[in-house]
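Novice: Got a predicted structure plus its sequence, pasted below:
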Amino acid sequence: MDSIIVTGGAELRGQIPIAGAKNACLALMPATLLSEEPLTLTNAPRLSDIKTMAQLLQSFGAEVASLHDGQVLSLSSHDLTGVTADYDIVRKMRASNLVLGPLLAREGRAVVSLPGGCAIGARPMDLHISGLEALGAEIELRDGYLHAVAPRGLKGAVIEQRFASVGATENIVMAAALAKGTTVLKNAAREPEIVDLVKCLRAMGAEIGGEGTSEISVQGVDRLRGATHSVVTDRIELGTYMIAPAIAGGEVELLGGHIGLLPAFCEKLDEAGIHVSQTPAGLKVARSNGRARAINVRTEVFPGFPTDLQAQMMALMCTADGVSVLEETIFENRFMHAPELTRMGAQIEVHGGHATVTGVERLKGAPVMATDLRASVSLILAGLAAEGETVVSRVYHLDRGYERVEGKLSACGARIERIRTE
Ligand code: UD1
């Protein structure tokens, strides 16, 4: 298992190109199942989660070719041969459940394993199930698998989600694209990845409106065609690298970034005394005068502060001036980075969904362990600001969501390297 060694203390200066969004791409890839014609995705990120989704689609008989060093994915679902998403793949990556809606819509049936325990909380699937049932699917849980059928095809309906789930919104919109009649999804998720999915579906011939608002309407069509679509910028990778100069000092330009992708997060950085400005090429982030200020943060659905940036913000707050409170409202059990940061000298107390961080002048390097994707990158960020060497092990979590993290940071002057072990 590879590990990453960070030697803290270097200021960062330079540019970091931001890749296409992992979470958008993981929803766009299953959209191939909706059409017999090819779907081409450009600006795809090169990540292990993307390979996992490719494997899953191939297990249904879809063809997936990775071109231009993985930045272009050519997908074709002309002939599908299977509809079962196996536990072995689903347990690796919860987003595998995004094949449920498209398979049901195209094939009239799907068998998808439940993801099982997840490091950051229970993450049930009730909203996916009730949404698809409202469209006419019959879904049963047997042997750990959801067995879904739509014997009379899918039919449009009015659905109101009790929570604006990203994944359930994606599954319902994809299924509704081929259903008969109109679907209105109320309390829909508004994340930029949903907007990106709808743009792609529309290029495939779907009739959808209201994306980016909390009410999405879908007029079902008989068939979808092929399309080429460029994946939206990864706002979580963007926010992660915005924290890097904020924590280590210096000035970095994040190429491809814009404030509209992270409105609440940019406001919070400003409140913490970090300078963020829009440039023609992206976002420039600078910290010049001393420590960041402690701020309070509450995670919320878009356009609120993203849960996927909570761990990285906590790393910044570890060396901020004052006491900050971070409240996690989206996932239970999403403070697993706190004990690891504490090993580096951070002062953090966790009570339920709240973490209170008392900033210290300096963190100290230590051997730490990654527990999930965003937790692992928060340890690397903390290492940039720590005295001495931080060794982050179990970085396979990191490789699920960040391409070339050590290359991108070292190009800006960070002292970071990967130790490969077979
Ligand atoms: C997506 C993102 C993930 C991000 C999350 C919240 C992808 C691949 N992953 O995950 O990185 O952290 O959005 O922004 O896009 N819930 C239910 N029932 C359901 C579905 C969800 O109760 O049927 C709950 C979950 O347990 C969780 C909350 O809703 O507490 C948010 O989940 P959801 O928005 O569905 O997140 P994902 O789509 O899984």
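Specialist: Yep, it's here.

Novice: what does the stretch 201-350 of the chain have sitting close to the ligand?
Specialist: Residues of the stretch 201-350 of the chain that fall close to the ligand, judged by C-beta under 6 Å from any ligand atom: T307, D308, I330, F331. Where you see a C-beta, it was placed from the backbone N, CA and C, and this is true even at glycine.

Novice: which one of those sits closest to V231?
Specialist: D308 (16.6 Å; C-beta to C-beta).

Novice: Now G345: closest residue in space, sequence neighbours ignored.
Specialist: Excluding the flanking residues, the one nearest G345 by C-beta to C-beta, 6 or more residues apart in numbering is K364, at 4.5 Å.

Novice: sorry, that was for V297
Specialist: With sequence-adjacent residues excluded and distances taken as C-beta to C-beta, 6+ apart, V297 is closest to L326, at 4.9 Å.

Novice: Would you give the sheet partners of the host helix or strand of the one you found, along with the direction of each?
Specialist: Per DSSP states H and E: L326 is located in strand 323-327. Strand 323-327 has the following strand partners under DSSP bridges: strand 297-298 (parallel), strand 354-358 (antiparallel).

Novice: Check the offset of the helix or strand following the shortest one from the chain's centre.
Specialist: Put plainly, it is strand 297-298. Moving toward the C-terminus from strand 297-298, the next helix or strand (DSSP H and E) is helix 310-318. Relative to its chain's centre, helix 310-318 lies at 17 Å (C-alpha atoms, centre = their mean, to the nearest Å).

Novice: Export only the CA atoms of helix 310-318, formatted as PDB.
Specialist: Provided in PDB are the C-alpha atoms of helix 310-318 (Å, rounded to 0.1, in the frame of the first residue of the first chain):
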ATOM      1  CA  GLN A 310     -15.400  19.800   6.000                       C
ATOM      2  CA  ALA A 311     -12.300  17.800   6.700                       C
ATOM      3  CA  GLN A 312     -10.100  20.100   4.700                       C
ATOM      4  CA  MET A 313     -11.500  23.200   6.500                       C
ATOM      5  CA  MET A 314     -10.900  21.500   9.800                       C
ATOM      6  CA  ALA A 315      -7.200  21.100   8.900                       C
ATOM      7  CA  LEU A 316      -7.100  24.800   8.300                       C
ATOM      8  CA  MET A 317      -8.800  25.600  11.500                       C
ATOM      9  CA  CYS A 318      -6.200  23.500  13.500                       C
END
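
Novice: Mind giving me the packing neighbours of that helix?
Specialist: helix 235-248, strand 323-327, helix 337-343, strand 347-351, strand 354-358, helix 373-385 (3 or more C-beta pairs under 8 Å, 6 or more residues apart in numbering; DSSP states H and E).

Novice: got these as CSV, with mean neighbour count and mean pLDDT columns?
Specialist: Output for the helices and strands packed on helix 310-318, formatted as CSV (neighbours: other C-beta atoms under 10 Å; pLDDT from 0 to 100):
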stretch, mean neighbour count, mean pLDDT
helix 235-248, 27, 98
strand 323-327, 19, 98
helix 337-343, 21, 96
strand 347-351, 14, 97
strand 354-358, 19, 98
helix 373-385, 28, 95
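
Novice: With distance to S35 added, can I get the ones you listed in TSV?
Specialist: Compiled in TSV, these are given as follows (distance: least, C-beta to C-beta, whole Å):
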stretch	distance to S35
helix 235-248	27
strand 323-327	42
helix 337-343	40
strand 347-351	46
strand 354-358	45
helix 373-385	30
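
Novice: Quick one, which of these gets closest to V276.
Specialist: Closest to V276 of the helices and strands packed on helix 310-318, according to C-beta to C-beta: helix 235-248, at 7.1 Å.

Novice: Next, the angle helix 373-385 makes with that closest one.
Specialist: Calculated by axes from the mean of the first three to the mean of the last three C-alpha atoms, to 10 degrees, helix 235-248 forms an angle of 20 degrees with helix 373-385.

Novice: Residues of the stretch 51-200 of the chain that sit close to the ligand?
Specialist: 94-95, 121-128, 163, 165-168, 193.

Novice: And the furthest pair within those residues?
Specialist: Largest pairwise distance in those, by C-beta to C-beta, is 22.0 Å, between A122 and E193.

Novice: which of those two has more neighbours?
Specialist: E193 (25 against 9; other C-beta atoms under 10 Å).

Novice: give me the beta-bridge partners of the residue nearest to V297?
Specialist: The partner residues for L326, given DSSP bridges, come to V297, A355.

Novice: isn't E271 right up against N296?
Specialist: No - E271 is beyond contact range of N296, at 9.0 Å (criterion: C-beta atoms under 8 Å).

Novice: In the stretch 101-250 of the chain, where is pLDDT below threshold?
Specialist: Along the stretch 101-250 of the chain, the model assigns pLDDT under 70 to residues 116-123.

Novice: quick one: the helices in it?
Specialist: For the stretch 101-250 of the chain, applying DSSP state H, counting those that start in this stretch gives helices covering 126-134, 166-177, 192-203, 235-248.

Novice: right, so of those, which gets closest to V276?
Specialist: With C-beta to C-beta, the closest approach to V276 among these belongs to helix 235-248: 7.1 Å.

Novice: who does the closest one touch, helix- and strand-wise?
Specialist: If you count contacts as 3+ C-beta pairs under 8 Å, 6+ apart, helix 235-248 packs onto strand 12-17, helix 22-28, strand 250-255, helix 263-271, strand 282-287, helix 310-318, helix 373-385, helix 405-410.

Novice: Find the nearest non-adjacent residue to the spatially most central residue of the chain, please.
Specialist: The residue lying closest to the centre of the chain (C-alpha atoms, centre = their mean) is N23, at 4.1 Å. Spatial nearest neighbour of N23, chain neighbours left out: E193 (4.8 Å); criterion: C-beta to C-beta, 6+ apart.

Novice: Touching, that neighbour and G20? I think so.
Specialist: No - with contact defined as C-beta under 8 Å, E193 does not count as touching G20 (10.6 Å).

Novice: Overlap in contacts, those two.
Specialist: Common contacts of E193 and G20 (C-beta atoms under 8 Å, 6 or more residues apart in numbering): V232.

Novice: quick one, what contacts H68?
Specialist: Residues near H68 by C-beta under 8 Å, 6+ apart: none.

Novice: Go again with 10 Å.
Specialist: Taking C-beta atoms under 10 Å, 6 or more residues apart in numbering, we find H68 in contact with T42, A44.
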